[in-house]
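*Asks:* how does the following fold in three dimensions:
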Amino acid sequence: MLLAIVAVSACATTPGARDTDKIIPERAQARWDALLAGDIETAYTYLSPGYRSTMSVVDYGIALSTRRVKWKSAKYLGHQCEEQRCAVRVEVGYSVAQPMPGVNSYDSTNIRDETWIKTDGQWWHLPKK
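*Replies:* Numbering: from 1, shown residues only. Below you'll find the predicted structure:
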């Protein structure tokens, strides 16, 4: 009886879903780890091929470096997936330099919702426009 329950529960989740449940957290956290380390080239490799076709790694680096917000930490929280698309939640710690006169910096955290898409068998981050 126990063997039958194990066999049925193993079939309840498809191999693709199990793979996704492992791959999405790893890729989402790795992208954030690269951003936090200032490794723009590595972070860029996690972006969708379509996005990379419209923005060079140099332009991506410039866009990131000119923001007033500096990311301090990132922690993967979870995801919900459909077949080719995942909604990923990440808690991001950040600092804003001189947000107003008399205040040196403002530090806080925020939950970011990200979209990841599956193209050519791989999961990619799709930034918001």
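
*Asks:* give me the number of residues near Val58?
*Replies:* Residues within reach of Val58, counting by other CB atoms under 10 Å, total 10. For every residue, glycine as well, the C-beta is placed using N, CA and C.

*Asks:* correction: the previous question concerned Ser48.
*Replies:* 19.

*Asks:* which ones are touching it?
*Replies:* Counting by CB atoms under 8 Å, 6 or more residues apart in numbering, Ser48 touches Ile117, Thr119, Trp124, His125, Leu126.

*Asks:* so who does the third one touch?
*Replies:* Residues counted as contacts of Trp124 (CB under 8 Å, 6+ apart) are Tyr46, Leu47, Ser48, Pro49, Tyr51, Trp116, Ile117, Lys118.

*Asks:* please convert those residues to JSON lines, extending it with pLDDT and secondary structure.
*Replies:* Formatted as JSON lines, those follow (pLDDT from 0 to 100; DSSP: H, G, I helix; E, B strand; the rest coil):
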{"residue": "Tyr46", "pLDDT": "98", "secondary structure": "coil"}
{"residue": "Leu47", "pLDDT": "98", "secondary structure": "strand"}
{"residue": "Ser48", "pLDDT": "97", "secondary structure": "coil"}
{"residue": "Pro49", "pLDDT": "97", "secondary structure": "helix"}
{"residue": "Tyr51", "pLDDT": "96", "secondary structure": "helix"}
{"residue": "Trp116", "pLDDT": "98", "secondary structure": "strand"}
{"residue": "Ile117", "pLDDT": "97", "secondary structure": "strand"}
{"residue": "Lys118", "pLDDT": "97", "secondary structure": "strand"}
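
*Asks:* which ChimeraX command selects the buried ones in those?
*Replies:* Buried residues within these, by 16 or more other CB atoms under 10 Å, are selected in ChimeraX with:
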select :46,47,48,51,116,117,118
